[in-house]
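Q: show me the folded form of this:
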Amino acid sequence: MTTSRRLVLRIALVILLAGSLLLQGFLPVLAEAVGGGYTETERLVVPYALTAIAAVACLQVCLVAGWWLLARAHRGELVAPRSLRGVDAATAGLVAATVLAAAPLAHLLVVVGVGGPGVVLALVACVAGGAGLTRVLRSLRADLRCAHTTDADRLPAQASTRPSPVSLRKNGIACPRGAGPQ
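A: The predicted structure follows:
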């Protein structure tokens, strides 16, 4: 990875983290403005705001894990068993953020009985987006595990050459499609 690309990625992560911290500060005001004027949702403003703040905190865990993985990639340590911890932390944060973001929407629809097409659409988008991104992270984890397996199984005499995916399959190493040595 080039220095400029790494710098751009770090700047993006810092901007996202700063924006998420700012969002956490404004969420109580936003929740009051959206739900405080209705008798059905007036008592739910504080719990929903706290849930949203917790969801953003979970996304911040994903950003920190991304920073950590970027640092490992810069040091050439991305293909190591320890890198899987970063992907697992990001996945757990994303799943928790999805559940925390979907819970108030589901509560509004099922328990409180208010909302409409906008709330249903937001719930579907939240669950679909969270599930899709979680799947991407699980694929990344599988790719990292496969890359680590191929590095660990390589003989010292073959250290300068990378085995092809076909030879890996013949040796019983199952890599996902598109994974493995390039």
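Q: which stretches of this protein have low pLDDT?
A: Residues of the chain meeting the criterion pLDDT under 70: 150-182.
Q: again, only this time at 90
A: Filtered on pLDDT under 90, the chain yields the residue ranges 1-3, 31, 33-43, 73-84, 112-116, 140-182.
Q: this structure: helices as residue ranges?
A: 3-35, 45-75, 83-107, 117-153, 165-170 (DSSP state H).
Q: tabulate the ones you listed (a markdown table), appending mean neighbour count.
A: Every C-beta, even on glycine, is put in place using the N, C-alpha and C of the backbone. What follows is the helices of the chain, written out as a markdown table (neighbours: other Cβ atoms under 10 Å):
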| stretch | mean neighbour count |
| --- | --- |
| helix 3-35 | 13 |
| helix 45-75 | 17 |
| helix 83-107 | 19 |
| helix 117-153 | 15 |
| helix 165-170 | 14 |
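Q: my guess is Leu108 contacts Gly115, does it?
A: Yes: A contact is recorded between Leu108 and Gly115 when judged using Cβ atoms under 8 Å, the distance being 4.6 Å.
Q: more neighbours, those two?
A: The residue with more neighbours, out of Leu108 and Gly115 and counting by other Cβ atoms under 10 Å, is Leu108; that gives 22 against 18.
Q: any idea how far that one is from Val64?
A: 30 Å (Cβ to Cβ, to the nearest Å).
Q: right, I'll leave it there.
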